[in-house]
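Asker: Following is a predicted model, sequence given first.
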Amino acid sequence: MQPKPAQRAYWQRNIRLTLALLGVWFCVTFVAGYFAEALNRLPFFDFPLGFYLFAQGALLAYLAIIGIYVRYMNRMDRDWARESEPGQPRTRFPGSGL
């Protein structure tokens with residue numbers, strides 16, 4: 001069974017969002033860690049800035065990534081439900097029959 005154009009667009013948007021958020025995750029986790037030694041030279045509330053960013057800032061960034069994903073996917077699911085054809089079952093996951 002070939003996916004409909006709307007299904008294909010749904011999954012392409014889903015994949016683009018996932019890849020973008022994985023890129024942000026990678027930067028927060030690994031790229032920022034590369035600069036930790038230089039950041040540790042700067043104090044932030046008597047803590048090294050690199051330590052503070054990884055102890056607190058990374059957790060906030062991860063929560064923001066999750067929040068962005070949830071909000072965007074809920075909006076995409078609502079759009080998908082509106083775009084489904086009358087008389088056709090409104091599937092939560094296009095092409096799965098669920």
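Answerer: Everything's here; your move.

Asker: Contact partners for residue 58?
Answerer: Residues in contact with residue 58, defined by CB atoms under 8 Å, 6 or more residues apart in numbering, are 28, 29, 32. Placement of C-beta: from N, CA and C, glycine included.

Asker: Got the confidence number for the last one?
Answerer: To tie it back to what came earlier, the one meant is residue 32. According to the model's per-residue confidence, residue 32 sits at a pLDDT of 81.

Asker: ok, and the most crowded of the contacts of residue 58?
Answerer: For these, counting by other CB atoms under 10 Å, the largest number of neighbours falls to residue 28: 20 neighbours.

Asker: pretty sure that one is in contact with residue 62, am I right?
Answerer: Yes - at 7.3 Å, residue 28 and residue 62 qualify as touching, with contact defined as CB atoms under 8 Å.

Asker: Grab the nearest non-local neighbour of residue 17.
Answerer: With CB to CB, 6 or more residues apart in numbering as the measure, residue 72 is the residue that lies nearest to residue 17, at 5.7 Å, once sequence neighbours are left out.

Asker: Cool, thanks, talk later.
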